[in-house]
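[1] Build me a model from this:
(3 chains)
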Amino acid sequence: MVDLFDTEPDAPVDLNGVTIWSGWLDDAAQSAMLAELRDVARAAPLRQYETPGGQKMSVRMTAAGEVGWVTDKAGYRYAPCHADGGAWPDIPASVLAVWRAVSGVDRDPDSCLVNFYGEGAKMGLHQDKDEADPRWPVVSISLGDPGLFRVGGHSRKDPTKSRWLNSGDVAVLAGEARLAFHGIDRIKFGEGEVLPEGGRINVTLRVAQ
DNA sequence: AAGTACCA
DNA sequence: TGGG
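    The predicted structure is shown next:
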């Protein structure tokens, strides 16, 4: 019999091989994570990077862990220090806990990217392929306003599928989908309830080195 | 090269 | 709004 008041987590959804857990984090877990992410941004301020082609990205980024992803005219890379010259802060415990629960591997990540999407921010279709060994999964956590996530295949021209990611959702890029092209087409600025000022935060965990 | 645009 |  179906229990309409069942409180079990939702079953995961598959989007072109990416596993999406809707509502993985409850309100309390999201608040606790946000508090830790604010500390990360205090230690390593959010900044807008430039693509190798010289165009400014709309998303503001920072990172935690041994290395953080950066880009400028010299290219995409993982760097051991942030723009102010200091080491990146530690990966927050609440974020590590999500990795341990969903990654399916017994090695911890060495990099945690924190991306902030303000009004109008988006991220074009791309592959995460700057890591030394792409066989390790990537785990993505969404907080704040909804974001329209699009996933394709290994070629930029492969067909894509889209789905709205909401605050508390967790996505895992593993196996065949680890190198899938993906991006965020738009956000619903101000629609979320977790960030009072509006905007979307995406946290991604990787084994980069 | 993680950019912008546009279409129905 | 959803798509590509």
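
[2] where in chain A is pLDDT low?
    Counting by pLDDT under 70, chain A contains low-confidence residues at A:1-9.

[3] in it, which spans are strands?
    Remark: strands assigned in chain A by DSSP state E are A:13-15, A:18-21, A:47-50, A:56-65, A:68-72, A:75-79, A:111-117, A:123-126, A:138-144, A:147-151, A:161-165, A:170-173, A:182-187, A:200-206.

[4] could you dump these to a markdown table with mean neighbour count and distance to DNA strand C?
    All C-beta spots, glycine's among them, are computed from the backbone N, C-alpha and C. Output for the strands of chain A, formatted as a markdown table (neighbours: other Cβ atoms under 10 Å; distance: least, Cβ to the nearest atom of the strand, whole Å):
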| stretch | mean neighbour count | distance to DNA strand C |
| --- | --- | --- |
| strand A:13-15 | 15 | 11 |
| strand A:18-21 | 21 | 14 |
| strand A:47-50 | 14 | 22 |
| strand A:56-65 | 20 | 15 |
| strand A:68-72 | 20 | 23 |
| strand A:75-79 | 14 | 23 |
| strand A:111-117 | 24 | 15 |
| strand A:123-126 | 15 | 9 |
| strand A:138-144 | 27 | 16 |
| strand A:147-151 | 22 | 5 |
| strand A:161-165 | 16 | 4 |
| strand A:170-173 | 24 | 16 |
| strand A:182-187 | 20 | 4 |
| strand A:200-206 | 25 | 15 |
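
[5] Looking at those strands, spot the one closest to A:A32.
    For A:A32, the closest of the strands of chain A is strand A:138-144, at 11.1 Å, according to Cβ to Cβ.

[6] which bits of chain A sit near DNA strand B?
    Contact residues (Cβ under 7 Å from any atom of the strand) of chain A with DNA strand B: A:51-53, A:55, A:57-59, A:69, A:71, A:75-76, A:122-126, A:128, A:130, A:183.

[7] quick one: contacts of the lengthiest helix in chain A?
    Taking DSSP state H as the criterion, chain A has its longest helix at helix A:27-43. Applying Cβ atoms under 8 Å, 6 or more residues apart in numbering, the contact partners of helix A:27-43 are A:25, A:62-64, A:86, A:88-89, A:92-95, A:112, A:114, A:116, A:141, A:143, A:167-168, A:194-195, A:201, A:203.

[8] roughly how far apart are the closest residue to A:L46 other than its chain neighbours and A:A180?
    Closest residue in space to A:L46, ignoring its immediate chain neighbours: A:R60 at 4.0 Å, by Cβ to Cβ, 6 or more residues apart in numbering. Remark: distance between A:R60 and A:A180 (Cβ to Cβ, to the nearest Å) = 24 Å.

[9] A:S167 reaches A:S142, doesn't it?
    Yes - under the criterion of Cβ atoms under 8 Å, A:S167 makes contact with A:S142 at 6.1 Å.

[10] need the contact list for A:G198.
    A:G198 neighbours (Cβ under 8 Å, 6+ apart): A:G118, A:E119, A:G144, A:D145, A:F189, A:G190, A:G192.

[11] Among the residues you listed, name the buried ones.
    Neighbour counting with 16 or more other Cβ atoms under 10 Å marks A:G118, A:G144, A:D145, A:F189, A:G192 as buried within the contacts of A:G198.

[12] check contacts around the last one.
    Each residue near A:G192 by Cβ under 8 Å, 6+ apart is listed here: A:G144, A:D145, A:P146, A:N166, A:S167, A:G198, A:R200.
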